[in-house]
Structure formats: C-alpha cells, structure tokens
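Undergrad: Any chance you can model this:
(2 chains)
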2 protein chains.
Amino acid sequence: MNTVSIVGVGLIGGSFALALRKAGFSGRIIGVSSPEAIRSALARGVIDEAHPLEHSAAISDLVYLSQPIERIIQTIGIIDAHVRPGTLITDAGSTKAAIVAAAGRSIRHGRFVGGHPMAGKELRGVQEAEADLFRGRPYVLTRRDNRLESWIERIGARLVILDPEEHDRLVALTSHLPQLLSTALASVIGRESNAPKVAGPAAIEMTRLAQSPYEIWRDIFSTNEGSIDAALGLFIQKLTALRHTVRHPSIEKEFETAAEISRGLREVN
Amino acid sequence: MNTVSIVGVGLIGGSFALALRKAGFSGRIIGVSSPEAIRSALARGVIDEAHPLEHSAAISDLVYLSQPIERIIQTIGIIDAHVRPGTLITDAGSTKAAIVAAAGRSIRHGRFVGGHPMAGKELRGVQEAEADLFRGRPYVLTRRDNRLESWIERIGARLVILDPEEHDRLVALTSHLPQLLSTALASVIGRESNAPKVAGPAAIEMTRLAQSPYEIWRDIFSTNEGSIDAALGLFIQKLTALRHTVRHPSIEKEFETAAEISRGLREVN
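TA: Model (predicted):
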C-alpha cells in the first residue's frame, strides 16, 4: 500500500491519517476536502498533498471516505470510474446498510469494504484529529479484508466483523437510541422552569448527548429509520414495564440485571 | 448553635459534619449511627463523640437526619419526645413530601425543616465523606430558616427553597427519571449479545447510573410514586412524539431546543 486518499479530512479522516503514520505507513497521504480543511490538514502535517477526487482516486491503493453519510453515498456513485482495478475503498459512516447497498450498485473496479470506527469526541474538524483516536475502540468492518484488517490492528483498534444490517440494528440500540433519550430528557426537563435549580449530576450526565448537533444526525436518521424505530419500540416497552413495577419487588431484579449489563459494557470497553 | 447530632453517619452525614467544621463550627458534633460507622467516623475525626439517639437529641441544638428515607421517617416518629423546645431538626432525604408530612404529624417541640443536598458520589460510607461535597451544589430547604440557611451558605452550597411537593415533582424529572432511563437502556442493550462489541461512549455514559444500587431507590420509589409515574408518562409521550418525527424536518428544532436546555443546565451547575 503506497498511496492513501482521505476523502473528507475532518476529525475521523484526519485521525485515520495520523494513526496510519504512527503505525508506520510510509507512503503518500492525499487529502480530498474543502479548501479550509486542506489548508489546516497540510499545516498540521496530517496529509502530504491535496488533489481533486478523480485524480487522487486514480493514483490511490486505498480510498478512505470520511464524509457525512449522504456525501459518502454520492462519492460511491461516481468514484468507480476513476479507480484502478482492485483499489480498496472503505468508509467511516455511522450507518452501514445504505452505504454498502450503494457500493453494491456502483463499485465494480474497486473493492468496497464498509467500515465504522466507534470513536469520536465532542469537537470536530481536522484540528481535533489524534493519532490515538481509535486505540482500544471497536472498529467495525462489514466484510473481511486482510489489508484493511492488518492496518486496523496496527492502529490499535479492536476489529469487529458485522454484516451491515446487524451493525445498523446494534448501533440503533447503543448509539442512536441513547441520543434520542438524551434529547427527549432535556426536552422534558426544559418544560419546568425550576428544574435547572435542582439538576444534579444525573441530569447533567444524561443530557450531555442532547448537545450533539442535528447535522450529524440527519443522515443517520434517514439511513437507519427502521432499526431506530425498532429500538425505540423496545425501549418504550421496557420503560412502560418498569413504570408498572416501580413499587413491585420484581424491580429489584431489574436493577441488578441492568447493573450487571452496565458493568459488562465497561469491561469490553 | 453549640451541639449538632448527625443521625446516620455515612457519606452525606459525614460530609455535612466535615463541612460544618471547615466553615468554622466550633461546637460538639455527636454521631448516632451503627458501631462500624461510629468507629470509622471517630477515627477520621468526623465526629467528636457518639451517643444513642435519645441522649444526643436531648443535648443538641441541631439534629441532622441523614439516614435512608424510611429510617428518617421512623426517627421523626420518635425523636420529638427527647428534644428541647425549639431544637432544629432537618434531614437529607432524597424525597420530601412523605418526610415533611411525617414531621407535621410528630414534631411538636422541635422545629422541622426538610432538606435535600443535591450532591453525592458513586461510593458511599463515612470513609468517602468530604468537607467540600456540597460546595457549588443546590441545597433544597422546604421552608425558610435563618440558622440553617446561614450554615448552608457557609458550607458553599446554593440555597433553593421549594415546597415538598414541588421538590418531589422536580427531582422525579431530574433524578428519578434519568435513573429509570439508564436502567431501561442497559436492560434493552443487554438483550443483544453482540451489543457490547459496538458500544461506544454514548452507551457507556448513558448506562452508568444503571449501576446505582437498588437499596437507595426502594425508598425513593415508595415515597415519590405519583411524581415518578407522571415524569415517566411525560417522557414516554415525548419519546413517542420524537419517534414519529425521526425523519420529519421538525426534529431539527427539537434537537436545537434540547441542546439549549442541556447547556442551560450546565450554566446553573
């Protein structure tokens, strides 16, 4: 692997470039992004050079799509005409089924492997990129690929192979549902003008995600509607059951089981 | 104020004792608690001496009830016969209506002021007590009282006056609802054996409260059932509305409003 293109040089794309370098990648890293992102990425040494998509696709062994989901889908629709046969194309989108389906329709010369690094932070942009952003975090691929797997291992991430539909169903529960719970909680608390006066650590913590900007959620909602609806349905059902047992002894067992699951999530992570 | 009794010398009672000392209280601090808690509190210098409830009540100017809620209600039922006229009695229970109602039935010689310091941490017991636990945190009183208000100010807490029913309604939204959401979320995630593999920071953060031990929730549920039920009802209604608008443009406004509320909670705290 001699040449890598990062398409969309923001927090994730920039971090992937830095992580590759730190892991010993000695080839060229090309950025394809907005003029501001390119300026910032060149200044920080995140990328070596910048080119338009068509040109960089034609000279790359790996094309890393780290744009918003709908932009990834658009890029997938036009990139195949420009790549050499066998060029590895992957992405970092937060949902996988719509992206992998688009690749199935459009990628012929290249080899597409859907990806989702389960990492991030509150601030965005290439100026926030970190070589260790993926270290110890799950990195989902939608199919096996030796070249990509070996780099994921070298950047310190934990490889998880999941088919696109299973991925989308699971992240609906572990990521999209928590976001909607936090948004709904903030909304309900906000109706009471005196609530902020008594808000303790629980309210603060549980409404943090509510500050997440909608622009990153629009595409997630439009590409994972079914799984999100199912996750919301399961959750409302569970919460309604808890509501009916708040004073019943059986809720003690619910607390114990939930505590165990919560501890289990931390052991893996 | 020369003599203070702390009834139930754990994290909160112990921290109140340490906070009083740090704020310049130079009188006696008596502990009323289990033998282990007393040993530990004496060893750490949290209390000066220990006596049974009847004796310490008889010689105190302030009695601070920092037991579990149902124990506070029991203590309120027997303490009045032992205090001198005008003795200030307050508590640190997480719900207020049931406690204040019990005091209304039983406290004649003493003067009862319900209290709720909105502070805590994950670990419990007097060995975890800290003089600064209440600093910058809300401290609710259910009625005005010059003596108590002046000490709350001196320990660095933010005084909030709320009647007991209003307090219980608000903490149902800001504390009890978040707990049940976290428990329900862990429970729903736990049904999927692959979910831990993809659990990122959102799932970790939103299920932390689920580790809270049920023993502290039993009394909260039994004394705030109505408000908790109402808070759950509001929340389920809001989440159901969000569910129906996940792909509708109006959800953008919901995200913006929730983000604003979330930021507002942090400005106060």
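Undergrad: Pull the residues that contact stretch A:248-266.
TA: Residues from elsewhere that reach stretch A:248-266, judged by C-beta atoms under 8 Å, 6 or more residues apart in numbering or on different chains: A:242, A:245, B:182-184, B:186-187, B:189-190, B:196, B:199, B:203-204, B:207-208, B:210-214, B:217-218, B:221. Yep, even glycine has a C-beta here, placed from its N, CA and C like the rest.
Undergrad: which of these are buried?
TA: For those, a burial check counting by 16 or more other C-beta atoms under 10 Å in any protein chain shown picks out A:242, B:182-184, B:186-187, B:189-190, B:196, B:199, B:203-204, B:207-208, B:210-212, B:214, B:217-218, B:221.
Undergrad: Of the residues you listed, which belong to helices?
TA: A:242, B:182-184, B:186-187, B:189-190, B:196, B:203-204, B:214, B:217-218, B:221 (DSSP state H).
Undergrad: min pLDDT across those residues, which one?
TA: In terms of pLDDT, the lowest of those is B:P196, showing 88.
Undergrad: what about that residue, distance to A:M206?
TA: 20 Å (C-beta to C-beta, to the nearest Å).
Undergrad: go on, A:R84?
TA: In terms of C-beta to C-beta, A:R84 sits 49 Å off from A:M206.
Undergrad: Could you do A:G93 as well?
TA: Applying C-beta to C-beta to A:G93 and A:M206 gives a distance of 27 Å.
Undergrad: which of the two has more neighbours?
TA: A:M206 (30 against 26; other C-beta atoms under 10 Å in any protein chain shown).
Undergrad: who touches the more buried one in this structure?
TA: A:181-182, A:185, B:178, B:181-182, B:206, B:209.
Undergrad: Equivalent analysis for A:H176, please.
TA: A:220-221, A:224, A:227-228, A:231.
Undergrad: repeat that for 7 Å
TA: A:H176 makes contact with A:220, A:224, A:228, A:231, according to C-beta atoms under 7 Å, 6 or more residues apart in numbering or on different chains.
Undergrad: Of the residues you listed, which are in range of chain B?
TA: A:I228 (C-beta under 7 Å from any C-beta of the partner chain).
Undergrad: of all the contacts of A:H176, which comes closest to chain B?
TA: Relative to chain B, the closest of those is A:I228; by C-beta to the nearest C-beta it sits at 6.0 Å.
Undergrad: Please report how far A:A19 lies from B:G200.
TA: 17 Å.
Undergrad: the more surrounded of these two?
TA: Set side by side, A:A19 and B:G200 show more neighbours around A:A19, with 24 against 21, by other C-beta under 10 Å.
Undergrad: Where do the helices of the stretch 51-200 of chain A begin and end?
TA: A:53-59, A:69-79, A:97-106, A:146-154, A:164-171, A:177-190, A:195-198 (DSSP state H, counting those that start in this stretch).
Undergrad: Mind putting those helices into CSV with distance to chain B?
TA: CSV is the format used below for those (distance: least, C-beta to the nearest C-beta, whole Å):
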stretch, distance to chain B
helix A:53-59, 29
helix A:69-79, 13
helix A:97-106, 13
helix A:146-154, 14
helix A:164-171, 5
helix A:177-190, 4
helix A:195-198, 4
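Undergrad: deepest of the ones you listed, which one?
TA: With neighbours defined as mean count of other C-beta atoms under 10 Å in any protein chain shown, those peak in mean count at helix A:177-190, which reaches a mean of 26.
Undergrad: So which elements touch that one?
TA: helix A:201-206, helix A:225-244, helix B:177-190, helix B:201-206, helix B:225-244, helix B:250-268 (3 or more C-beta pairs under 7 Å, 6 or more residues apart in numbering or on different chains; DSSP states H and E).
Undergrad: Tell me which of those sits nearest to A:L159.
TA: The minimum distance between A:L159 and the helices and strands packed on helix A:177-190 falls on helix B:201-206, with 18.9 Å, by C-beta to C-beta.
Undergrad: how about the CA coordinates for the closest one, as PDB?
TA: Presented in PDB, the C-alpha positions along helix B:201-206 are these (Å, rounded to 0.1, in the frame of the first residue of the first chain):
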ATOM      1  CA  PRO B 201     -19.000   6.400  24.700                       C
ATOM      2  CA  ALA B 202     -22.800   7.200  24.400                       C
ATOM      3  CA  ALA B 203     -23.800   3.700  25.600                       C
ATOM      4  CA  ILE B 204     -21.200   3.800  28.400                       C
ATOM      5  CA  GLU B 205     -22.200   7.200  29.600                       C
ATOM      6  CA  MET B 206     -26.000   6.600  29.400                       C
END
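Undergrad: quick one: low-confidence ranges for chain A?
TA: Across chain A, the ranges flagged by pLDDT under 70 are A:268-269.
Undergrad: center of it - which residue?
TA: Nearest to the geometric centre of chain A sits A:S94, at 3.8 Å (C-alpha atoms, centre = their mean).
Undergrad: Surely that one is in contact with A:F221?
TA: No - using C-beta atoms under 7 Å, A:S94 makes no contact with A:F221, being 10.6 Å away.
Undergrad: Report the buried residues of stretch A:104-114.
TA: Of the residues in stretch A:104-114, those buried (16+ other C-beta under 10 Å) are A:106-107, A:110-114.
Undergrad: Could I get the residues you listed in a markdown table, plus columns for distance to A:G8?
TA: Formatted as a markdown table, these follow (distance: C-beta to C-beta, whole Å):
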| residue | distance to A:G8 |
| --- | --- |
| A:S106 | 18 |
| A:I107 | 17 |
| A:G110 | 17 |
| A:R111 | 20 |
| A:F112 | 16 |
| A:V113 | 17 |
| A:G114 | 15 |
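Undergrad: Out of those, list just those in strands.
TA: The members of those that map onto strands under DSSP state E are A:111-113.
Undergrad: Return the member of the residues you listed nearest to chain B.
TA: Of all those, chain B sits closest to A:V113, with 16.7 Å by C-beta to the nearest C-beta.
Undergrad: so what's A:E165 up against?
TA: Contacts of A:E165 by C-beta under 7 Å, 6+ apart are A:A97.
Undergrad: Now A:L133: phi and psi?
TA: phi -60, psi -30 (degrees, to the nearest 10).
Undergrad: Can you tell me which of the ones in strands among the buried residues of stretch A:104-114 lies closest to A:G14?
TA: Checking those against A:G14 with C-beta to C-beta, the nearest one is A:V113 at 20.5 Å.
Undergrad: Over in the stretch 1-150 of chain A, which residue gets nearest chain B? Let me know.
TA: A:M118 (4.2 Å).
Undergrad: number of nearby residues for that residue?
TA: When neighbours are counted by other C-beta under 10 Å, A:M118 comes out with 24.
Undergrad: correct me, but it touches B:K197?
TA: No - contact between A:M118 and B:K197 fails when scored by C-beta under 7 Å: they sit 9.0 Å apart.
Undergrad: who touches both of these two?
TA: Shared contacts of A:M118 and B:K197, counting by C-beta under 7 Å, 6+ apart, come down to A:P138.
Undergrad: ok, back up a step: and of the buried residues of stretch A:104-114, the nearest to A:E153?
TA: A:V113 (14.6 Å).
Undergrad: so who does the closest one touch?
TA: A:88, A:90, A:141-143, A:145, A:148.
Undergrad: What distance do you get for it to A:R143?
TA: Shown here: A:V113 relative to A:R143, a distance of 6 Å by C-beta to C-beta.
Undergrad: check contacts around A:Q67.
TA: A:7-8, A:75.
Undergrad: One more pass at 10 Å, please.
TA: A:7-10, A:12-13, A:32-33, A:73-75, A:91-93, A:219 (C-beta atoms under 10 Å, 6 or more residues apart in numbering or on different chains).
Undergrad: quick one: it and B:S56, what's the gap?
TA: Taking C-beta to C-beta, one finds A:Q67 at 68 Å from B:S56.
Undergrad: who in the stretch 1-150 of chain A is up against chain B?
TA: Counting by C-beta under 10 Å from any C-beta of the partner chain, the stretch 1-150 of chain A comes close to chain B at A:94, A:116-122, A:137-140.
Undergrad: Which residue comes closest to A:T240 once chain neighbours are left out?
TA: Spatial nearest neighbour of A:T240, excluding adjacent residues (C-beta to C-beta, 6 or more residues apart in numbering or on different chains): B:I236 at 6.6 Å.
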